[in-house]
Every structure is written in C-alpha cells, then in structure tokens.
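Enquirer: Here is a sequence with its predicted model. Questions after.
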Amino acid sequence: MTVPTPGAPPRRSPKRVARRRLPMRYLLPALSLVALLAMLMLRGYVHSEILADHRVRPPAPTEQVPEHILAGGPVIDARDKQNPKALSIPERRLVLTFDDGPDPVWTPKVLDELKEHDAHAVFFVTGTMASRHPDLVERMVREGHEIGLHTFNHPDLSFQSTDRIDWELSQNQLAIAGAAGIRTSLFRPPYSSFSDALDDESWPVTQYIGTRGYITAFNNTDSEDWKRPGVEAIIERVTPKGTEGSIVLMHDSGGDRSQTVAALDRFLPDMKARGYRFTNLTEALGVPSAHTGVSGPELWKGKAFVGAVAVSENTTEVLVVCLAVIGVLVFARFGLMLILSFAHARKVRRRNFSWGPPITRPVSVLVPAYNERECIANTVRSLMASDHPLEVIVIDDGSSDGTADIVEAMGLRGVRVVRQPNSGKPAALNNGIRNARYEIVVMMDGDTVFEPATVRELVQPFGDPRVGAVAGNAKVGNRDTLIGAWQHIEYVMGFNLDRRMYDLLGCMPTIPGAVGAFRRTALERVGGMSEDTLAEDTDITMAMHRDGWKVVYAEKARAWTEAPESVQQLWSQRYRWSYGTMQAIWKHRRALVERGPSGRFGRVGLPLVSLFMVLAPLLAPLIDVFLLYGLVFGPTQKTIAAWLGVLAIQAVCAAYAFRLDKERMVHLLSLPLQQILYRQLMYVVLLQSWITALTGGRLRWQKLRRTGAVEAPGVAQNQRQRAAAERRSVA
C-alpha cells in the first residue's frame, strides 16, 4: 500500500480514455456483409470463377526435351532432375485413369462399375471438385482406388509462374487432405495427352513438378470420351494391342459421361477375359502407394477448408433460392401494383363515382408539434386557406423553441393552442382528440402544408359509413436536391402506388402521419392513438382494420411534407419507421388466428405487409450482391442486361405512378442512381431494425431538423399576400 507524503498535493488519478465501442446494430450488418462476401468469394474460387485461367498454349518445339523421354513410357519420374526417367506399364496391366472429377452424377456410376467388376483405377481430381464433393474422394480411397492431383483450378501450367504452380498443388493437396485424410505423390497436368507431346514449354513444368516430389502420369491410350463418339468407338480406342500394358485416359466429369459408363460395363469384363488386370498406377509399377496419411494441423486445415466450402455451397444455394423467390415476389408485386392501381384509378375517377353524401360539416384538424418553429406558421396558414370548414388545434408537446407562442401570436380565428409537457406524439394526438369538437378528425404533421382542397378531398370518403380512416396523398416538397428527388420517387411510386393497391385489397397498412383522417367514433372504439410502438400511424391503422372499419385512399388529398435533407436525418426517420412497423406487426399478430374482421386482416393484410414491407426488402439486397459478383466474376454482359431489365420494369412502374399523380417525369432521371445508392441505404436501415428487434434493443423518438421551406401549390401566393398585409397593418 502506498502512503502519500505529508504536505504533498494529492495525486490525480489518471484519466481513463473512454473507448467507443461500435454499436451492435452497426457491427452485425457489417459482419453479415463481410461473411456473405467471403462465402461468395470462396464459392467463386471453387467454381473456377475467381483466379481461373482458361488459356491453352498451342504446341511448341521439342528441342529441349530429352529423346528418351519422348520415346519412353507415359510415366515421368523427374524427381532426380539430372536423371529423369520414363516408365512404362507392364504387359497385361491396364491403369484406368479418370480426369477432372469427382462429379456428383457420373463419378458414383463409374465407381459402381469398377466395384462390380473388381477393378481399381486412378482418379486425377481437381481441387475445385474435390472440395465440393469430399464424400466421393473418401469413397475412392475407401474402395482401394488411387488419387492423383490435377491442380486446383485446371489451368495450363505452361502459362503459370512457379508460385502459381505451388499454389495449385498445395490447394489441391489441401482439398484431398480434408476429404480423405491423405496426400498423394501422383500428378497429371491439365490439357496433357501422351508423353511424346511434351515440348519446350511443358517440359520445364514437368521438371519443376518432379523437384516438388511428384511423379507425372501421362497416358498412351486416349478414349476421347469427351467427344462422345459412341460406346463402340470408346471401347475400340481404349483396347490395347496384343498384351501390351497401357494407361487409359477417360473422364468422370466435365459433361455427359453416360457413354463412358456404358463402355466400362463392357470393356472391364472383356479385358479381364483376355487376362488383363486393372490396377492402381503404383501397383502396376511395383512401387509403394502414392498415398500417405496426414494428421495434425495439415489434416485440420484440410477439414476446415472443406467445411468452409460446404458452408459456402449450402449457403449460396439457399441464397440463390431466396433470390429466385425475391425475383418472383418483386415481379409479382410490380404486376399487382400496376393492375390494381389502374383499377383503383378507374374506380375513383369515374364521373358517377361517389363515396356517399357529400361531407360539408366542419372537421377538427390536429397538429402535434414539438420544436416546429421553422414550419408551424406555414402549416397553420395553409390550413386557413382551406375551402372546407374546420377548426385547428395545435398541440404543443413541450416545445422549447417558442412554437406555441408563434401560433398564438398569429391571432388566427379558429386556431387553438393546447400546451402539454413533453409526452410524445401519440399522447399529443390523444390530447387533441379530447379537445376536438367534431366527429371527423384530420391529423397532420407540424412540418406539412395542405393545399386548399386537401381537407375537403380527405373527408369525402366518410360519406360511406363503413369508412373509419382515410389516407391522403403525401408528397415531398423539398425535391430540388438529389436525396429529395430520390424520396420523391419513393413517395410517388413506393407509397402512393402501394396505397392504391392496398385500398382495393382492403388492407391499407398505414395512414400517413402527414395527412390522414379518422372517424372519432372509430378512434374511441380502438382506444385512441397507442404509445406501444414507434409507428403509431401503422398501429392505429391496423387496429382500425381489426375493428371492422374500412381504410381507403384519397388521391386528391395532397399534402406537402419536408423530407429529411441529409443521410443521417433520413437514416433516423426510416430506422424509426421500419422498427415501428415491425412492432406494429408483432403487436397485432393475434389477428392471424382470430375470426371476423380481425381474422380477415390478419390472414390477408399482415402477410402482405410482412412480405412486402419487411421480409422481401430484407432479402432484396441479394439482387445487388449477386449483381456486383456477376459484374466482377461472372458473365458481365448478361448481368448488366438482367439489371437493366429489372430497372426498366421499375421505370415503367414509376412512370405510371408519376402519370397517375400528374408529376413531371424529369425526376425519374435519378432513378438508376437511386437504385444503386439510395436503395442500399434503405436495406441497411431495415437490417438494423431487424437487429434492434432481435436483440431486444430500444429505439427512442428522434427529432429531425426542419427548414420550413416547403409551401403547397396554390397556397404560396395567398400566404405572401397575407404576410404583406400584416406588414402594412403593423406599419
């Protein structure tokens, strides 16, 4: 224990530097993306899409190849570089060799034929195939066959550096070590044939392979089964003359090998009847087996590699299935939106269409506001320009910027301010409902402005006594920036086109907070606005459906809202929306098993909302991941064509949505960029919402910064005239 010196100043404990930890909601998406990319890269590697070299060198001169090698047998032992040997197969010995496998379809059939006729063979496997089908390599070894290396990616080694050759060999060994727990000393170069075909380009490779401890096995009988010449032709080509021994080249992979299998069924018993034995290569040469067992780190490295390949293969197969499902869902949704939106437009635009008796009685407009100093004056003035009788109730939710004072100072008739401590938007709306005088209650945000006809158009559907709530047409007012234009496309195409579809299906998921109307009786029956979720608009809409009310869409009830102008603000808003939607779906999950209106919504509305708003968008990034992969490693032209096709379909839907809303098509010029950048942001937001939900995280309300620059068409001039009149009266 340290005792401080008397009179000395007290020691200050060293300041601890706070370490900022990356939140789980950021870490998990990043790790998921890295894992997905790693699996795709590994899959591309073992499918010869990455690092593959498909060049094949033409024949070269043979001046540097020793004469006794060219005139010798098909087996080259160049382990002693100064004294390379060419070895031959003894008489009445046949060494069947199969290249390019193992293949999941044809290799088992070849093995079955060999087992039936008690014959052994040598399988020169590639690392790509061995790592993907380790069970077949293990079966080969178990049934007494010999394994040889055929490189990992099947390149022409005469084009490769010694480092690449070493890599091909080591990776090939790694694959068979993980598959069968062995390593081998046999090798056959890709694209090889007879030993007398060695030339000045391939001979140095054979010498180098020898220095690495391998025996190179060529062949002196080629079945040419890859040409599929017919069973008779294959048998004729592999049958040796007299009693001479031979190494026979066949293939168990690379295409349809049915002729090879059929030829084996006849060739094996016929040659046995002539006194031939089908043996492994080392047995025919009278040397020790080419196999040696592996253990320790080498074995576990191999097993880890094969295991990783299996995970990658299985995962990507599932992802491909999911991608196909998502593709079908996307196209089905586009088709459904186009058809039902067209039907909705025809329905509500008929000359004789009517919701019922015209609604002319006054309505209450609720404006919940928290620190809306920049916007609130424009919002209230736009309501005062309305051509429908109304009262305006501004519920100030504990603002600290003088929002309520601004409204009171305006001194407008029919506008009331209700102050309350900061309690959140649902509480503010419920307070407004309690203070409302009229049966129909319109709700809007404090950063939104209405056109003069908005309230009138919004309340007309209440002429149908079955209607409990109406969704208006929310539009982006600040669309002059790129991020604003992207949100404008999203609002017109993704929200309003969807609402037309959901209207006809009877399962509207959300009454937008920017512009919506409710029957007060319906609100009281469902208990008012709930604070259970962060998406109170979605929550109340689902509650309306479950209580048996119709929820419809009024396309002419346009409201202009100020969309987020920065990525951070957009992230915060959409994060809250996504998370709140998940909360609402979970809250109303019992509708799936209930009867009556609740059950109808639960078995139609909830699945559609969950599928199109939560699940499909979560999996949709697969399209972009595979697109990126295809651009880099796959068929680039086909990938681009497929992406352009999807973009064209989206453009058609967007153009139709813009036409329905009578919007200028010029904003669609940013659609391709929106698909590349903006959509990715929405994916990550949704994924983050999923992670927050699954990890039990809590998300609080966030206040977005507003500028108050949005004005509604038809209201701006009226507002300027009023402002000028106010200035004159003050002067």
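Expert: Arrived safely, thanks for sending.

Enquirer: Hmm, residue 603 is touching residue 594, no?
Expert: No - checked against Cβ atoms under 8 Å, the pair residue 603 and residue 594 is beyond contact range at 9.2 Å. Just so you know, the C-beta spots here come from the backbone N, C-alpha and C atoms, and that holds for glycine as well.

Enquirer: Correct me if wrong: residue 123 contacts residue 139.
Expert: No - taking contacts as Cβ under 8 Å, residue 123 lies outside contact range of residue 139: 10.2 Å.

Enquirer: which strand of the protein spans the most residues?
Expert: Longest among the strand segments of the chain by residue count, using DSSP state E, is strand 550-561.

Enquirer: now that strand: mean pLDDT?
Expert: For strand 550-561, mean pLDDT rounds to 93.

Enquirer: and the spatially most central residue of the chain, which of the three is it?
Expert: By Cα atoms, centre = their mean, the mean C-alpha position of the chain lies nearest to residue 622, the distance being 2.1 Å. Secondary structure, DSSP: H, G, I helix; E, B strand; the rest coil: residue 622 is helix.

Enquirer: coming back round to it: what do residue 603 and residue 594 both touch?
Expert: Common neighbours of residue 603 and residue 594 are not found (criterion: Cβ atoms under 8 Å, 6 or more residues apart in numbering).

Enquirer: ranges for the strands of the stretch 1-150 of the chain?
Expert: 75-77, 85-87, 93-99, 121-125, 146-149 (DSSP state E, counting those that start in this stretch).

Enquirer: which of the ones you listed sits most buried?
Expert: strand 121-125 (a mean of 28; mean count of other Cβ atoms under 10 Å).

Enquirer: which parts of stretch 123-136 are buried?
Expert: 123-134, 136 (16 or more other Cβ atoms under 10 Å).

Enquirer: actually stretch 656-668, sorry about that
Expert: Neighbour-count burial for stretch 656-668 [16+ other Cβ under 10 Å]: 656, 657, 658, 660, 661, 663, 667, 668.

Enquirer: The closest residue in space to residue 127 that isn't next to it in sequence - how many residues pack around it?
Expert: In space, residue 127 comes closest to residue 152 once its chain neighbours are excluded; the distance is 3.3 Å by Cβ to Cβ, 6 or more residues apart in numbering. A count of nearby residues for residue 152, using other Cβ atoms under 10 Å, gives 27.

Enquirer: same deal with residue 328?
Expert: For residue 328, the neighbour count with other Cβ under 10 Å is 10.

Enquirer: Check which helices and strands whichever strand or helix holds it is in contact with.
Expert: If you go by DSSP states H and E, residue 328 is part of helix 296-348. The contact analysis (3 or more Cβ pairs under 8 Å, 6 or more residues apart in numbering; DSSP states H and E) places helix 296-348 against helix 24-46, helix 127-132, helix 162-180, helix 497-505, strand 550-561, helix 616-619, helix 621-633, helix 636-660.

Enquirer: Pick the most buried one from these.
Expert: By mean count of other Cβ under 10 Å, the helices and strands packed on helix 296-348 have helix 127-132 as the most buried, with a mean of 27.

Enquirer: For the protein, give me the ranges with low pLDDT.
Expert: Applying pLDDT under 70 to the chain flags residues 1-26, 28-29, 620, 693-731.

Enquirer: residues contacting the nearest residue to residue 73 once chain neighbours are set aside?
Expert: In space, residue 73 comes closest to residue 88 once its chain neighbours are excluded; the distance is 3.1 Å by Cβ to Cβ, 6+ apart. Shown in contact with residue 88 (Cβ under 8 Å, 6+ apart): 72, 73, 74, 75, 245.

Enquirer: Pull out the buried positions in stretch 359-373.
Expert: Buried residues in stretch 359-373 (16+ other Cβ under 10 Å): 359, 362-373.

Enquirer: Among these, name the ones in helices.
Expert: Nothing among the buried residues of stretch 359-373 maps onto helices, per DSSP state H.

Enquirer: closest to residue 345 among those?
Expert: Within those, the smallest distance to residue 345 is 21.9 Å, found for residue 359 (Cβ to Cβ).

Enquirer: Skipping adjacent residues, who's closest to the closest one in space?
Expert: In space, residue 359 is closest to residue 459, 4.7 Å off (Cβ to Cβ, 6+ apart).

Enquirer: Kindly report the same for residue 541.
Expert: Closest to residue 541 by Cβ to Cβ, 6+ apart is residue 511, at 4.8 Å.

Enquirer: show me what contacts the one you found?
Expert: Contacts of residue 511 (Cβ under 8 Å, 6+ apart): 443, 469, 470, 471, 518, 537, 540, 541, 551.

Enquirer: Where helices are concerned, which of those count?
Expert: Per DSSP H, those map to helices at 537, 540, 541.

Enquirer: returning to what we had before: return the distance of the residue nearest to residue 541 relative to residue 367.
Expert: Between residue 511 and residue 367 the distance is 16 Å, computed by Cβ to Cβ, to the nearest Å.

Enquirer: circling back to that earlier point, give the buried subset of the contacts of residue 88 as a ChimeraX selection command.
Expert: Burial among these is assessed by 16+ other Cβ under 10 Å; the matching ChimeraX selection reads:
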select :72,73,74,75,245
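
Enquirer: My understanding was that residue 482 contacts residue 671; is that so?
Expert: No - the pair residue 482 and residue 671 fails to qualify as a contact (Cβ under 8 Å) at a distance of 11.8 Å.

Enquirer: Pick out whichever of the two has more residues nearby.
Expert: The residue with more neighbours, out of residue 482 and residue 671, is residue 671; 19 against 13, by other Cβ under 10 Å.

Enquirer: ok now do that one, which residues does it touch?
Expert: 489, 647, 650, 651, 654.

Enquirer: I'd like the distance between the residue nearest to residue 271 when sequence neighbours are not counted and residue 692.
Expert: Distance criterion Cβ to Cβ, 6+ apart; nearest residue to residue 271, sequence neighbours excluded, is residue 94 at 6.3 Å. Distance from residue 94 to residue 692, counting by Cβ to Cβ: 67 Å.

Enquirer: swap in residue 286?
Expert: Taking Cβ to Cβ, one finds residue 286 at 69 Å from residue 692.

Enquirer: The two: which is more packed in?
Expert: residue 692 (20 against 7).

Enquirer: For the more buried one, pull up the helix or strand it's in.
Expert: Using DSSP H and E, residue 692 falls in helix 679-694.

Enquirer: So which elements touch that helix?
Expert: Partner elements for helix 679-694 (3+ Cβ pairs under 8 Å, 6+ apart): helix 24-46, helix 567-587, helix 616-619, helix 621-633.

Enquirer: Name the residues that touch the third one?
Expert: When contacts are defined by Cβ under 8 Å, 6+ apart, helix 616-619 is touched by residues 322, 323, 325, 326, 329, 330, 333, 682, 683, 686, 687, 690.

Enquirer: If any of those are buried, give me the PyMOL selection for them.
Expert: Of these, the buried ones go into a single PyMOL selection, burial set by 16+ other Cβ under 10 Å:
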select buried, resi 323+326+329+330+333+682+683+686+687+690
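
Enquirer: my read: residue 181 touches residue 296, true?
Expert: No - counting by Cβ under 8 Å, residue 181 does not reach residue 296; the two are 11.2 Å apart.

Enquirer: For the two, work out which one has more neighbours and name it.
Expert: Per other Cβ under 10 Å, whichever of residue 181 and residue 296 has more neighbours is residue 181, with 18 against 7.

Enquirer: hang on, residue 593 packs against residue 602?
Expert: Yes - with contact defined as Cβ under 8 Å, residue 593 counts as touching residue 602 (7.2 Å).

Enquirer: Which of the two has more residues huddled nearby?
Expert: Taking neighbours as other Cβ under 10 Å, residue 593 and residue 602 compare with residue 602 leading, 22 against 10.

Enquirer: what's the closest non-adjacent residue to the more buried one?
Expert: residue 591 (2.8 Å).

Enquirer: Next, work out how far apart that neighbour and residue 598 are.
Expert: For residue 591 relative to residue 598 (Cβ to Cβ), the value is 5 Å.
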